[in-house]
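Student: coords please:
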Amino acid sequence: MSLHADLASLQSTLDQSLERLAEAVRTVQGTELDEFVGDLYEIERHLRAASRRLGRTLGELE
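Tutor: Take a look at the predicted model:
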C-alpha cells in the first residue's frame, strides 16, 4: 500500500471513531455516567484536531 492509501485509511478510521464517540456521548448524557460527558467531548476535540491535520497532510501529498 502507498503512504497516501495508508493515511486515507487512517482518516476513515478517525471519522468512524468520531461517529462512535458521538454515540457514546448521547448514550451517557442524562444518566449516572453523565459526569464523563466532559471527558468525552475533550477526546472528541483532540480527535477532530488530528483528523483536520491528517486531512491537510493528505491534501499536500496529492
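Student: quick one: the strands in the protein?
Tutor: Remark: strands of the chain are absent; assignment by DSSP state E.
Student: who's in contact with the residue nearest to Ala22 when sequence neighbours are not counted?
Tutor: Counting by C-beta to C-beta, 6 or more residues apart in numbering, Glu44 is the residue found nearest to Ala22 once chain neighbours are left out, at 7.2 Å. Quick note: C-beta positions are derived from backbone N, CA and C, even for glycine. The contact partners of Glu44, taken as C-beta atoms under 8 Å, 6 or more residues apart in numbering, are Leu18, Leu21, Ala22, Val25.
Student: taking those residues one by one, which sit in helices?
Tutor: Secondary structure defined by DSSP state H assigns Leu18, Leu21, Ala22, Val25 of these to helices.
Student: Now do the second one against Gly30, distance only.
Tutor: Taking C-beta to C-beta, to the nearest Å as the measure, Leu21 and Gly30 are separated by 17 Å.
Student: and what of the first one?
Tutor: Distance of Leu18 to Gly30, computed by C-beta to C-beta: 21 Å.
Student: what about these two, which has more around it?
Tutor: Shown here are Leu18 and Gly30; by other C-beta atoms under 10 Å, Leu18 has more neighbours (16 against 9).
Student: check contacts around the residue nearest to His4 when sequence neighbours are not counted.
Tutor: Closest residue to His4 apart from its sequence neighbours, by C-beta to C-beta, 6+ apart: Leu61 at 5.1 Å. Counting by C-beta under 8 Å, 6+ apart, Leu61 touches Leu3, His4, Leu7.
Student: For PyMOL, what selects the buried ones among those?
Tutor: Buried members of these, identified by 16 or more other C-beta atoms under 10 Å, are gathered into one PyMOL selection as follows:
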select buried, resi 7
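Student: So which of the contacts of Leu61 are in helices?
Tutor: By the criterion of DSSP H, membership of these in helices covers Leu3, His4, Leu7.
Student: follow-up on the earlier one: turn the contacts of Glu44 into JSON lines, including distance to Ala50 and pLDDT.
Tutor: Conversion of the contacts of Glu44 to JSON lines gives the following (distance: C-beta to C-beta, whole Å; pLDDT from 0 to 100):
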{"residue": "Leu18", "distance to Ala50": "10", "pLDDT": "98"}
{"residue": "Leu21", "distance to Ala50": "12", "pLDDT": "97"}
{"residue": "Ala22", "distance to Ala50": "16", "pLDDT": "97"}
{"residue": "Val25", "distance to Ala50": "18", "pLDDT": "96"}
